[in-house]
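In: Show me how the following folds:
(4 chains, ligands or ions: 2)
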Amino acid sequence: MNIINMIENKQITEIRKQFPILQTNINKKPLVYLDNASTTQKPNSVINKISEYYKNYNSNIERGFHTLGSQSFEQVNKTRETVSKFINSQNSSQIIFTSGTTESINIVANGFANELNEEDIVILSELEHHSNIVPWINLCRNTNSKLEVIPILKSGELDFKFIHNIIKKRPKIIALTYASNVIGTINDIEQIIKIAHEYNIKVFIDAAQAVPHFAINVQKLDCDFLAFSSHKMYGPMGVGVLYCKEEILQNMKPLKFGGAMIEDVSFCDFKYREHPYKFEAGTMNISNIIAFNEAIEFINQIGFEVIEKYEKDLFEYLIQELQNISQIKIIGNPKNKVPLVSFIAKNMHPFDIGMMLNASGIAVRTGNHCAQPLMDKLNLSGTVRVSLSIYNTKEEIDFLVSTLKKILL
Amino acid sequence: MNIINMIENKQITEIRKQFPILQTNINKKPLVYLDNASTTQKPNSVINKISEYYKNYNSNIERGFHTLGSQSFEQVNKTRETVSKFINSQNSSQIIFTSGTTESINIVANGFANELNEEDIVILSELEHHSNIVPWINLCRNTNSKLEVIPILKSGELDFKFIHNIIKKRPKIIALTYASNVIGTINDIEQIIKIAHEYNIKVFIDAAQAVPHFAINVQKLDCDFLAFSSHKMYGPMGVGVLYCKEEILQNMKPLKFGGAMIEDVSFCDFKYREHPYKFEAGTMNISNIIAFNEAIEFINQIGFEVIEKYEKDLFEYLIQELQNISQIKIIGNPKNKVPLVSFIAKNMHPFDIGMMLNASGIAVRTGNHCAQPLMDKLNLSGTVRVSLSIYNTKEEIDFLVSTLKKILL
Amino acid sequence: MLKEKKDIDRIQNDIIEEFQIFENDMEETLEYLIELGNNLSILNTEYKIDQNKIKGCLSNVWLICKKEDGYLFFEADSDTKIIKGLISLLIKIFSGQTSQNILNSNLYFVEKIGLKNMISSKRISGYSNIVDKILNLAKSYKD
Amino acid sequence: MLKEKKDIDRIQNDIIEEFQIFENDMEETLEYLIELGNNLSILNTEYKIDQNKIKGCLSNVWLICKKEDGYLFFEADSDTKIIKGLISLLIKIFSGQTSQNILNSNLYFVEKIGLKNMISSKRISGYSNIVDKILNLAKSYKD
Ligand SMILES: Cc1ncc(COP(=O)(O)O)c(C=O)c1O
Ligand SMILES: Cc1ncc(COP(=O)(O)O)c(C=O)c1O
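Out: Ligands and ions are numbered 1, 2, ... in the order given. Here you go, the predicted model:
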C-alpha cells in the first residue's frame, strides 16, 4: 500500500482540488463518488474552458469568415489533433467527432449495411454493453445476416477456443469491448485482432471503459475501428470519437446527412466532403469538443504511468477489503481488469445496498448496467458496481467498506 | 423608430449586459455580432447553468440510483417540460432531444425509409438548407422515390400555385423550412399544412430559423414533425429538438440504437422503451440539455411580444438603411421575414465585404449559407448575410451601414 | 370497518408525522422502511406469478387486490426491502378504502418523508408503476 | 534572371517588413491587399477555364504556370480582391523560381502579416488550395 499513500498524500490531494464536485455533500455527507464507469467528474480546466468558449469566441464554424468563426474552428481542430496523438492515429482526419460511443457504433454498424448478406456473420461477445449489441442486431435484421456471440468463461474472460473456431467461418466483422463495464475484464484484443486479420475480418473496438485507464495505440493494435466517449474520461457530455482506418473512411457511408458534410449539392445529387467532415453533418457540439481537449490534457499531465499504478494499487486494496466481507460475492475473476468491480450480497438486494450507500453519500451503480444479456448469462438480475478513478482515495474505500459492513450485518 | 429607442434605452441595455461576449473586442474593435442565424450568443444564465451542473450534480442519468443521478434526471425532465410548453405540445414525451436540427431531420427521413417506394413523392422547396435537402435525397435514393421541389417566386416566397398542383399527386411528405436562412422568408406553413392534410400528406417543419423570433404552437399549426436547434436560440451547442405527433412516434423506427433506449434485450431480440426514450440512445448531452432550459427561460422572460416588436422595428431600420446604399442589392422581397437579410454589392465580392467588415469588428456571414440549390436558382455564388437578434442595437446597425459605405465607395 | 373512518390524506399525514423524527436523515429513513418491509405479512407464493408482477421495476414486485364489502384490500411483496417498506405504506394508505376514494386520492407523502429520489427516478424504483397498478386495480374493481 | 538571386525566404521577409507599417491593423492590411490585387496584371480570358480553376475556394480562382529556361512563372486571377492580393504575393514569391526551390519552400509570411484567419479557415478562403495547386504545378514541371 506504499504507492497509494505516497501518491495520495502528494499528488492526489492536488488532483482532487481540481474537481469542485468532490467538495460537495450528498444527503449531508461528503460525496464519495464511485460511479466513474457511468461518467467521471470534470476538472476545473474542462468546466472553465466551456465558459471561456461561450464568453469569448462562441461561433458556428466554417460557414463564413469572421474571427470568432476561425477561432472556434482552430480550437476544434486542436482537439482533433490532441485526440489523434492520444490514441496515436496516423492522421487527425481519422478522428470523427460524434455525440458519444453509441453514435460511433451506429455509424460503423450502419456503414456495413450494404456489405452484408444472409451468408454473413457478425461476432459480438457476451461482455457487451447494450450500445454494442443493439446496433448490430439491427444490422443483422436488415441484412438477414447472422449474429454469433463469443461466450465468457467462469473467470469473466472470453473463450479463446470459441474465437479460434468461429473465425474460420469467416465472419465479416467482430465488434468487441476493450474492457467490460460490468466485470472489468480487459480483453486481449491485440491477440484477437491479429487472428481476425489473418482471415481478413474487420475488428471494431468499443473502448469506452478502457480509454480513461490506460494508453491506447491504434496503430499498434491495428484495429479497424475504435470508439469512446469524452464524458467517461473527465471530458464534457455529448462528445464521442470514432477512429477508423483511412481506407475504410473513404468508402463508408455516413449515418447522418446535412450541412457541413457536403461539398456540392443540387436537388439531383450531392457530393461528400472528405472525411472527417463527411461524418459530421450539422452544427457540432463545438463548446464541448473544445473543452474535451482540456480533459485529455488533464490525463496527459498526470500520465498513464501514474494513473495505471495508482488505480491498480487502489483497486487491489478495494478487492481485498471487499473479499473480507463474507456476505459479498464478487462477480468474475479475470486476470486483467480496469478498476471496477461488480458484486452481490447474500442477504440484500443490490437496489437496497445502493440506496443505503447513497444515504451515506456514496454513489455507486446498481442494476443491469445496460448489459442484460451478460446478466442473463450470469443468472443475475443486477449487481452493485463500484468503479474507481484517479481522484478516489484509500479513505473513500475505507468508508465504503465500513458502510457496507454496517448495512450488511 | 420610437419603439427601438424606447426599448433599447431601457431593456436592451440590460439584456446586453447578460451576454459577456458582447463586451469583447474583435481586431481591437468592439464586437458587433450580426451572425445570429448561424448561432446566437449565450446569456450568463445559460453559461452559468453548465458550470453549476458540472460542479454540483454531474452524473449519468437513470442507470442506477443515487442522488446525483436523480438530480440530473429531474433537470433533464424539466427542460423537456419547458420545451413542451414553449411549443405547446400536448405531452412532454413528444419532445425528443437530439444533437441538433440536422439529426432531427435525419431521424424523420430515416423513419420514412420503410414507407416509401418508387411510386412515392417527397416534396421540398427551393428555400431549404442543406440539412433539409440531403437527408431527403438520400431517402429518395434508397427507396427509388421521387423528389419534387416547390419553386420560389421572384419575391422569395413559395409558389402556391405549384403547391396546389403537386399536392394532387399525393406525395407522402412535405419537408419545409418555416423561415429561410438566406432570404428570411417566413412561409405560410399553416396554410400548407391545411392543404396537405386534406390529402393525408405528412408535413415536416424545419423551424431552426423561426424559433428564436416568434412563438410556435404545434397544436395550432397541426404539423406532424417540427425540428429546431438550441444553439440558434440562445442555448448551448449540441442540443436539438424533434417534436412529432404522438401516433407517429409509436411506430417510427429510431436512427440510433444502444443503451437507454431499450427495455429488454437478448442477442436474439430487443424491445424499445416508449418514446421519447426510444429515440435517445446512449448518454445524452445532459449538461447542455439542462442549460437549454435557461435559454428558453431567457426568451420567456422577455416575451415574444417584445422580441417580435423590437426585432421588427430594428430590422425595418436595417433594410431602410441598406436600401440607401446604391451599390447594394437585397435578395428577395417577401412580405413576412425573420430579421435576416442577404445582399450582394455591385462592385465587391461578398467574401471581400465579409473580410472588411470583420476587420472592423463586425461579424456577418458570407458564402452560400448551406443553401447551394437556392444560390444556383438565384444565379449567385454567395451573399453577405446580416442576421439580427434581441441584443442588437440601432447603433450597431449604424456602424455596419457606415462601414459598408466606406468599404463600397 | 375502522379504516373507513380515516381518510387517505389523514393516513398520509400520520405517516409524515411518524417519519418526522428522522429529520430527513436518509439513512434512518431507509432503515425504518426496511423494518416496515420486514413486518409486511408475507405474500403467499401462489400469488407470486407473472400476472401479479409489476412491470418496469428494477426488482420483482408483486401486488394483488381483493374486494370485500365494497372495500379494496391489497397485499404485496418485493425482493428489495426498501421497496417493500414503501409498499407497506401504500397498503396502509389504500387497503380498506373504496375504489372511488382511491381514484380520487392525491399522493404526497413520499416527497414529504424525504424520498423524492424514489419518485423522480421512477423508472428505476418503480414507485410510480406500483401506484399506477393500484389505481388500475381500483378502476377495474369499480362498479 | 534577376529573380533567381532572391531566394524565397528573402522575398517573404521583404513582404513581412513591407506589411509592418500596418502594425497588424486588419483594415489597413486588407486595404493594401486589395490595392495589390488591383495591380496584378489581368489574366487573359482564354485562361479562365475550368481546367485552371482551383477547387475548394469560396470564390473563383484561376492559376496558370509557364516554364521558361528552367524557371516557373505564374499568372492568376480571382473575383475576390483580397484573395487576388494574396495571390499577387504568392506570385511575387514563386514566379521565377525553379521547381526544386518551390518544392523545398516553407511558407510563413501569411501568419506574420496578421492574416492567420486566412489560413485557419482554409476551406473557405481557399488559400491552402492555392498553395497546393502551386506545389502540384511545380511537381509536374520538375524534370
Ligand atoms: C433553416 C435551417 N435548417 C437547418 C439548419 C441546421 O441546423 P444545425 O446545424 O443546428 O443542425 C440550419 C442552420 O444552419 C438552418 O438555418
Ligand atoms: C462498454 C461501454 N460501451 C458503450 C457505452 C455507451 O457510451 P455512451 O453512453 O457514452 O454512448 C458505455 C457506457 O455506458 C460502456 O460502458
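
In: Distance from the helix or strand hosting A:S402 to the middle of the chain?
Out: Assignment of secondary structure by DSSP states H and E places A:S402 within helix A:394-408. Centroid displacement of helix A:394-408 relative to its chain, using Cα atoms, centre = their mean, to the nearest Å, is 27 Å.

In: what packs against that helix?
Out: strand A:32-33, helix A:304-323, helix A:350-359, strand A:362-363 (3 or more Cβ pairs under 8 Å, 6 or more residues apart in numbering or on different chains; DSSP states H and E). All C-beta spots, glycine's among them, are computed from the backbone N, C-alpha and C.

In: Of all the ones you listed, which one is nearest A:S45?
Out: helix A:304-323 (16.4 Å; Cβ to Cβ).

In: Please identify the buried residues of the closest one?
Out: A:306-307, A:310-315, A:317-319, A:321-322 (16 or more other Cβ atoms under 10 Å in any protein chain shown).

In: Any regions of the chain where pLDDT drops low?
Out: With no chain named, the answer covers chain A. A:1-8, A:62-64 (pLDDT under 70).

In: ah, I was thinking of chain C
Out: The low-confidence ranges in chain C, as defined by pLDDT under 70, are C:1-5, C:56-58, C:117-125, C:143.

In: The spatially most central residue of it is in what secondary structure piece?
Out: Nearest residue to the geometric centre of chain C (Cα atoms, centre = their mean): C:L90, 2.1 Å. Using DSSP H and E, C:L90 sits in helix C:81-94.

In: buried residues in the helix or strand that that helix is followed by?
Out: Downstream of helix C:81-94, the next assigned helix or strand under DSSP H and E is helix C:99-104. For helix C:99-104, burial by neighbour count (16+ other Cβ under 10 Å) applies to C:99, C:101-102.

In: Let me know the closest of those to A:S229.
Out: C:I102 (45.0 Å).

In: isn't that closest one right next to C:K133, touching?
Out: No. C:I102 lies out of contact with C:K133 (Cβ atoms under 8 Å); the separation is 11.6 Å.

In: related to what we said a few turns ago, hey, what's the angle from the helix holding A:S402 to helix A:304-323? Just curious.
Out: Orientation check (axes from the mean of the first three to the mean of the last three Cα atoms, to 10 degrees): helix A:394-408 against helix A:304-323 gives 20 degrees.

In: the inter-axis angle of helix A:394-408 versus helix A:350-359?
Out: 130 degrees.

In: Now do the helices in chain C.
Out: C:8-19, C:26-39, C:81-94, C:99-104, C:109-112, C:116-120, C:122-125, C:127-140 (DSSP state H).

In: Out of those, which gets nearest to B:Q23?
Out: Taking the helices of chain C one by one with Cβ to Cβ, helix C:116-120 is closest: 38.2 Å.

In: Could you tell me which residues of the stretch 251-400 of chain A lie near chain B?
Out: A:255-262, A:264-270, A:281-288, A:351, A:354-355, A:357-358, A:362-367, A:369-370, A:372-373, A:376, A:385 (Cβ under 8 Å from any Cβ of the partner chain).

In: just checking, A:V32 touches A:V401?
Out: No. Judged on Cβ under 8 Å, A:V32 makes no contact with A:V401 at a distance of 11.2 Å.

In: So between the two, which is more surrounded?
Out: A:V32 (22 against 18; other Cβ atoms under 10 Å in any protein chain shown).

In: Spit out the contact partners of the more buried one.
Out: Contacts here follow Cβ atoms under 8 Å, 6 or more residues apart in numbering or on different chains; on that basis A:V32 touches A:360-363, A:396, A:399-400.

In: between the buried residues of helix A:304-323, which is closest to chain D?
Out: Chain D has its nearest neighbour among the buried residues of helix A:304-323 in A:I307, at 33.0 Å by Cβ to the nearest Cβ.

In: Was I right to think the closest one contacts A:Y391?
Out: No. A:I307 is not in contact with A:Y391 according to Cβ under 8 Å; the separation is 10.7 Å.

In: A:G361 is in contact with A:L34, correct?
Out: No. If you go by Cβ under 8 Å, A:L34 and A:G361 don't touch, sitting 10.6 Å apart.

In: any idea how chain A splits into domains?
Out: Chain A breaks down into these domains under automatic domain parsing: A:3-38+A:301-408, A:48-299.

In: so how far is the first residue of the longest one from its last?
Out: This stretch, domain A:48-299, spans 16 Å end to end (Cα to Cα, to the nearest Å).

In: what about it, near ligand 2?
Out: Yes. Interface with ligand 2: domain A:48-299 contributes A:100-102, A:129, A:131-132, A:177, A:181, A:206, A:208-209, A:229 (Cβ under 6 Å from any ligand atom).

In: Just these: which are in helices?
Out: Using DSSP H, the residues of domain A:48-299 next to ligand 2 in helices are A:101-102.

In: circling back: which secondary structure elements does the helix holding C:L90 sit against?
Out: helix A:350-359, helix C:8-19, helix C:26-39, strand C:61-68, strand C:71-78, helix C:109-112, helix C:127-140.

In: out of those, deepest packed?
Out: helix A:350-359 (a mean of 26; mean count of other Cβ atoms under 10 Å in any protein chain shown).

In: same for that one, what does it pack against?
Out: So helix A:350-359, by 3+ Cβ pairs under 8 Å, 6+ apart, packs with strand A:365-367, strand A:383-387, helix A:394-408, helix C:26-39, helix C:81-94.

In: Extract the CA atoms of it and return them as CSV.
Out: What follows is helix A:350-359, C-alpha atoms only, in CSV (Å, rounded to 0.1, in the frame of the first residue of the first chain):
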residue,chain,number,x,y,z
PRO,A,350,-28.4,-4.6,-4.9
PHE,A,351,-31.1,-1.9,-5.0
ASP,A,352,-31.2,-1.7,-1.2
ILE,A,353,-27.5,-1.6,-1.0
GLY,A,354,-27.3,1.2,-3.5
MET,A,355,-30.0,3.2,-1.7
MET,A,356,-28.3,2.7,1.7
LEU,A,357,-24.9,3.7,0.4
ASN,A,358,-26.4,6.7,-1.2
ALA,A,359,-27.8,7.7,2.2
